[in-house]
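Student: My questions concern the predicted model and sequence given below.
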Amino acid sequence: MIASIGFDPNTSTLEIEFKKNGAVWQYYDFPESTYYEFIGSDSVGKFFLAHIKGHYSENQVG
């Protein structure tokens, strides 16, 4: 589901690249502590669906 995950602490922006279509999405006002929970979770796909998708302002950038 997810190919790569990045986080910019200066802008509190999470960036995710998806495997299926290579789309890149950014999620804004994302807490740094949640980023660490995300990357440390047992399943980043499940965490994304439960805690990120639909919970933050987002924009497709690539």
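Tutor: Cool, got the structure.

Student: For the closest residue to residue 2 other than its chain neighbours, give me the backbone phi and psi.
Tutor: Among residues not flanking residue 2 along the chain, residue 44 sits closest, at 5.3 Å (C-beta to C-beta, 6 or more residues apart in numbering). (Each C-beta comes from the backbone N, C-alpha and C, glycine too.) Main-chain torsions, residue 44, degrees, to the nearest 10: phi -70, psi -30.

Student: can you check the one 3 residues further on too?
Tutor: With angles defined as degrees, to the nearest 10, residue 47 shows backbone torsions of phi -60, psi -40.

Student: The nearest residue to it once chain neighbours are set aside: how many residues sit nearby?
Tutor: Distance criterion C-beta to C-beta, 6+ apart; nearest residue to residue 47, sequence neighbours excluded, is residue 41 at 4.1 Å. Residues near residue 41, counting by other C-beta atoms under 10 Å, number 14.

Student: which secondary structure element contains residue 41?
Tutor: According to DSSP states H and E, residue 41 maps onto no helix or strand at all.

Student: ok so, going back, does the residue nearest to residue 2 really touch residue 50, like I thought?
Tutor: No: with contact taken as C-beta atoms under 8 Å, residue 44 and residue 50 are classed as non-touching, separated by 10.8 Å.

Student: between the two, which one's more packed in?
Tutor: Legend: neighbour count by other C-beta under 10 Å for residue 44 and residue 50, higher for residue 44 (16 against 12).

Student: show me the residues around that one that make contact.
Tutor: Residues counted as contacts of residue 44 (C-beta atoms under 8 Å, 6 or more residues apart in numbering) are 1, 2, 5, 38.

Student: From residue 10, how far off is the second one?
Tutor: Meaning residue 2. 23 Å (C-beta to C-beta, to the nearest Å).

Student: And for the first one?
Tutor: Separation of residue 1 from residue 10 (C-beta to C-beta): 27 Å.

Student: When the two are compared, which one has more neighbours?
Tutor: The residue with more neighbours, out of residue 1 and residue 10, is residue 1; 12 against 5, by other C-beta under 10 Å.
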